[in-house]
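**Q** Just a sequence and a predicted model for now, questions to come.
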Amino acid sequence: MILYKKIYVFILCFIMLVALSGCLGGREINDLEIVIGMGIDKDKDTGDILLTAQIVNEKEAGGASGEGGGGGGKAYWNVNSIGKSIFDAARQITHKTGNRLFVSHNQVVIFGHDVAAEGLQKHIDFFLRAHEMRPTTLILVAEGRASDIMDAKPETERFPAMNITKLVKTYGFTSHLYKVNMKDFATCLMSGTSATFAPLVTVSQDRENKDVFVPGMAVFKNGKMVGKLSHDEVRGVLWVLGKVESGVVIVPSPDGKGKAVLEIVNAKSKVKPEIKDGRIIFHIKIEEELSLSEQTTRENLATVPGFGKVQEAAGKVVRQEIMAAFERSKELRLDIFGFGEMLHKKYKNEWKIMEHNWDDIYPTIELDIHVDSRIVSNDLLRRPASPDEGGE
Amino acid sequence: MGTDKGKINGRQLLFMFAGFIQGSALLIDFTVGITEHQTWMVILAGLIVTIPFILSYAALAKRFPGNDLVRINDMVYGRFIGKALSLYYIFFLSMTLSFNILDVGELYVNFLMPDTPFFFLLSVFAAVIAYAVYKGIEALAKVSHLFVATSLFVIITTSVLLADQMDFSRFLPLFELPFIKLLQGIHIMSIIPFGETIAFLMIMEHMNDTKGPARYSFFGVLVGAASLLIVSVRNTAVLGRTQTIWTSPSFQSIRLIDIGTVLTRMDFLIGIAQTMLIFFKCSIFLYALTTALSQLFGLKSYKPLVLPVVGIEVIIAATVFQSPVDHAEITQNAGIIYSAPLIYLFPPLTLLIAKIRGLPKTERSRGK
Amino acid sequence: MFRYIFRRIRCSSLKNENDRMKNGTAPEKKNSEPLLPSLENNIRAIRENLRGSSDLAVHEFNFGHDRRYRGAIVFISDMADKDEINKNILQPLMFGSLLISSDADIDYTKIDNVARNLVPVTDSRKVALLYELLDSLLAGAVILLVDGSKEALAVRTGKRESRSIDEPATEAVVRGPREGFNENVNTSIALIRQKIKSPDLCVEKLVIGEKSKTDVYIVYVKSVADPKLIEEVRKRLDRIKTDAILESGYIEQFIEDDPWSIFPTVSNTEKPDKVAAKILEGRVAILADGTPFALVVPMLFIESFQSVEDYYTRPFLASIMRMVRFLSYIISTLGPAAYVALTVFHQELIPTQLLISIAEGRERVPFPAILEAFLMIFAFEILREAGVRLPKPVGQTVGIVGAIVLGEASVQAGLISPIMVIVVSATAIASFAVPAQTDSGTILRYIFLALAGIAGGFGVILGLLVTLLHLVSLRSFGTPYLWPIAPLNIAGLRDFLIRMPLWMLSRRPQAIVRSDGNTRSQGPDLMPSPNKGGGNDTV
């Protein structure tokens, strides 16, 4: 008897708990507006935030359920709305979509040029705080307006946002840009001295097709965009940070008649800060491994002395790139390399003093660069396809 | 002691200790706000500081075999002071239990299932721990090793998967923070994961191992502390400076796993592991609480108390704090103050008095 | 008001209970009357007791020198072997007795003399009480009555119709013996005896069931099984007081440890080699007449994932198959729940591309995911149940129609999503991989689905915890159900997911065997290698 009563009470309580608690937090998949890309601009008229959200359009996005899906339609839908802050704009989108945005699958956030110049510090908070946002979301800056970038229909991907993600994630092929996600951006923002950077993205009009590509990186000071870095300058920074994965290094051939084109196979860097006699010196040692991918002269470079000369030349190129980046950073008065933090980790007492004037101290830094290049392969050719000039 | 005739052996006790401490892994995330990249030091220091106290609990249990804390208090301090002390202990247990139940709710509401009504989560969770306690300590002891194995698996897997994002220079500079902050961190660390093991004083009586619980508790605590250490090292290495801004660094560092296209969304791993562990921790607390209460009031069995007590706890959990900020502040500041005497002062004192009065000798003839 | 309703329900259920107890199976009054020396009286008594049975046959005859003695045989006409009666009873009595010289002067009113000198049958028994006589008669024996004797002879000649020994329908193997028990329990015992020829094999007989008087045998190996276990089995079997034991399942439901648990604590099998292997591990087998399914206790959870074939094949494949089975069980119970939980509550945990694909698939579906899942699983249950009862000629067609209708057409019509079909098919197929746990798996599937629908991942995890706690405290005849996982026992784990090679499995499961030593079933150091010749004697 007692057992039956207990079971009865228990079931009753459970049913009440479930039924009276409301919807219990479940959302059917088809009620979601899956966002895969977001763009933030300043609205031209009011100065408020213009949010462009790229939403997956399920009807057109596939053809799996036997319907074919056409293929002519766009698989995505760019919705925009204006609000006083990003969260406000995001909610206002429901006026157009009828459902809250589901941002957990958001791949990129593109900031328009005007927003970036104004300062990103105030906008980042939303992306870090919202629990649906993931810290792996990539950040980019558009050279114009973000909404234009989001509209560019890609050739090989279904969604522009995915295309852009792909472009950035494969930075390693050229090492001319770098992948920056929310967490990295936040880390740099939190450091008082390091400068943040983010890839630039722009659209080029080429006959009818709009192509999206990344011309370089934008650099920020305290969250405000203050300049741009070209591809080579970016690679200069990456050499120092040790983040170069692959890329092309072109050196003039030793006989001056052509070029030797090398592919970077591997690169490592070691940076040691040193404070000596009141001077700040950074000893940078770069080790790279290259492979001879192309040569345009007839002289066979695949010899020991040949390699030696080419290696030296390659080392010079690396130095050039690093120095170019350094000069640019001095010009902008930005610590792009993160030298400040490296000093902090090693000389914490001196850093406490230097921290506040870092902007002024930074240009006085000296770099001591050693590059150790090694050519490890010459692919399939033992010598170029040219007439034999006597002696191998 | 009542109806629970279950017996635990030494190895199960080891796993229970380890699982208990691992259950606090998400709880100590907030200390990162205080100790930043030196959290790992604070964990080690906390461990070293608390080990002697934990050994004193074990020594108490060994000295009075078959008796739990309430009875020991009665024996050592006499009926009135002993009961007052037990009441203090019960208060501590009930507060901590409600905070832990609240933590589960917060874990889910903040991270995993955001739209679910809070009270529902708490009640369902409470029902499950009530069921666990109802089944008796032996059921909990038997599953302890499964929980510990699962959580170790999760911790190690996530650390391995995050290896490419780790940067150990983030631990430098080593001794940056002022000592006062470290001290605060050590204090929190020694009370929250390690000191709470005082709850085990209600459980160690069930051991069937005559060698005493000291060595098992010691190794169990070591395993638990090692897990906490790995978690903290992983978080610091991966998140670096941003560790201090997130409410839950562990969670965010797992969200960063992005390998291939498949291994991208592993949040659920932490959800599963942490739910199991907090469940385990709360069950132990609830068991300790109900047995202590039943002892105090002279009841024959703790079982009828389970449902009412858990109901009260849920209500406390749901209403006591106004916001997570409130929660963090009060536990960090007030919580450690009222727990400190119970964890640091009384057990060694009890042991000392017992030694002086030569107590267990006369009690041994009484038996169980 | 609820209390009133509740009280009415309670009262009526109590009343039913009382009525049942009054009219219930009262134990039969035993006709403990002794037999009378008068032949006519005996025959009359038998006829009276068996009133209404037209298959009772009575044949009176005279035998002995000068036809001095009057006798009668009584039998149930379809149960006795008439050939045998003629050859072994009538002929020796009527004619064979003449061969014995009349000087011997044996008094045939003593049934002993008849049995010893005249009836060349091995299986005969003396009966002195009426109920004993009736029991034997109804079990198929031929009763020999002699006028003037207070005892009768029950001769078991009966030939029983039973199936030939065939491959068990439910437990087919690729490698291994294909014998299976049949409905005749004596044949079954014989099969077991052929596998274990040791004198330690004990076979105890019980008769359970007031009206069915079913022969039930307890089989165990004396030197290995724990005497406490044997005693417990006997105790529980003796407790059963019921009308009939028609199948071993009845026995199972009367002796199990926790009738409210969805997990079976008593295992059953049709294969003699499986039974032999299990009793050699210290378990006790219960065989009942009338069914080929033998029960074996105690049962551990991990047994559901073990199959006899695992031991006949080499360890690598066996280990993989074990893990496959374990995973199948998990898939079949948690599959739909995981799908619902992920797509309704935790969409952020699915990789983006997959999410988009699922969303496309579910575009036109009008039902919420939980309802869809529930309907699909239910439809599958209907299919399964119908499939068992399909007459063979219709079987194939209906199978194809079911698959096509439920799968393809529903998807085309936009009633369910293709992902759901895949999930449910996987669940369904996986559920057949672990036959011992089909009942628990089926129910758990629905429970987890409901939990997932209500509380998403949280609900599923809590459900898992509750199930785990339940399993951990479940015991089967004193052995913890989750041994060797829950009370952790490393040696026992050698046979769970991975099947260690046979020469490593030398210990019997510690939880089951008797505790006074005798835990090794094999000699040490048996790993085969070209340099080692000959094994040691097994202990």
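**A** Looks like it came in fine.
**Q** Could you measure from C:Ser248 over to chain A?
**A** Relative to chain A, C:Ser248 is positioned 29 Å away (CB to the nearest CB, to the nearest Å). For every residue, glycine as well, the C-beta is placed using N, CA and C.
**Q** I'd like to know how many residues surround that residue.
**A** For C:Ser248, the count of nearby residues is 23 (other CB atoms under 10 Å in any protein chain shown).
**Q** Tell me the residues of the stretch 251-392 of chain A that contact chain B?
**A** Neighbours of chain B within the stretch 251-392 of chain A, by CB under 8 Å from any CB of the partner chain: A:344-346, A:348.
**Q** Just among the residues you listed, which is most surrounded?
**A** A:His344 (24 neighbours).
**Q** Run through chain A and note the low-pLDDT ranges.
**A** A:1, A:20-25, A:59-73, A:204-209, A:388-392 (pLDDT under 70).
**Q** Can you tell me which residue is spatially central in it?
**A** The centroid of chain A falls nearest to A:Lys179 when counting by CA atoms, centre = their mean (2.5 Å).
**Q** Let's verify that one: helix, strand, or coil?
**A** Assigned state for A:Lys179: coil (three-state reduction, DSSP: H, G, I helix; E, B strand; the rest coil).
**Q** residues in contact with it?
**A** By CB atoms under 8 Å, 6 or more residues apart in numbering or on different chains, the contact set of A:Lys179 is A:138, A:168-169, A:171, A:199.
**Q** quick check, the longest helix seen in chain C touching chain A?
**A** Determined from DSSP state H, the single longest helix within chain C is helix C:438-473. Yes - Helix C:438-473 comes into contact with chain A (CB under 8 Å from any CB), by way of C:453-456.
**Q** ok, and which of those reach chain B?
**A** Under the cut-off given by CB under 8 Å from any CB, chain B has C:455-456 from the residues of helix C:438-473 next to chain A close to it.
**Q** Of the contacts of A:Lys179, just the buried ones, PyMOL syntax please.
**A** To isolate the buried members of the contacts of A:Lys179 in PyMOL, using 16 or more other CB atoms under 10 Å in any protein chain shown:
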select buried, chain A and resi 138+168+171+199
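**Q** Can you flag which of the contacts of A:Lys179 belong to helices?
**A** Those of these lying in helices (DSSP H): A:168-169.
**Q** Near chain C, which residues of the stretch 151-300 of chain B are found?
**A** Checking the stretch 151-300 of chain B against chain C by CB under 8 Å from any CB, the hits are B:261-262, B:264-265, B:267-268, B:271-272, B:275-276, B:279.
**Q** I'd like to know which of the residues of helix C:438-473 next to chain A is nearest to A:Phe220.
**A** Of all those, A:Phe220 sits closest to C:Gly456, with 39.7 Å by CB to CB.
**Q** correct me, but the closest one touches C:Thr343?
**A** No - using CB atoms under 8 Å, C:Gly456 makes no contact with C:Thr343, being 10.0 Å away.
**Q** Which one's more surrounded, those two?
**A** C:Thr343 (30 against 25).
**Q** I'd like the distance between the residue nearest to the centre of chain A and C:Glu132.
**A** As judged by CB to CB, to the nearest Å, A:Lys179 and C:Glu132 stand 92 Å apart.
**Q** B:Ala292 now?
**A** B:Ala292 is 63 Å from C:Glu132, by CB to CB.
**Q** Which one of the two is surrounded by more residues?
**A** B:Ala292 (25 against 20).
**Q** Do a quick rundown of the strands in chain C.
**A** Using DSSP state E, the strands of chain C run over residues C:56-63, C:69-76, C:124-127, C:142-146, C:152-155, C:201-208, C:214-221, C:267-269, C:284-288, C:294-297, C:475-476, C:479-480.
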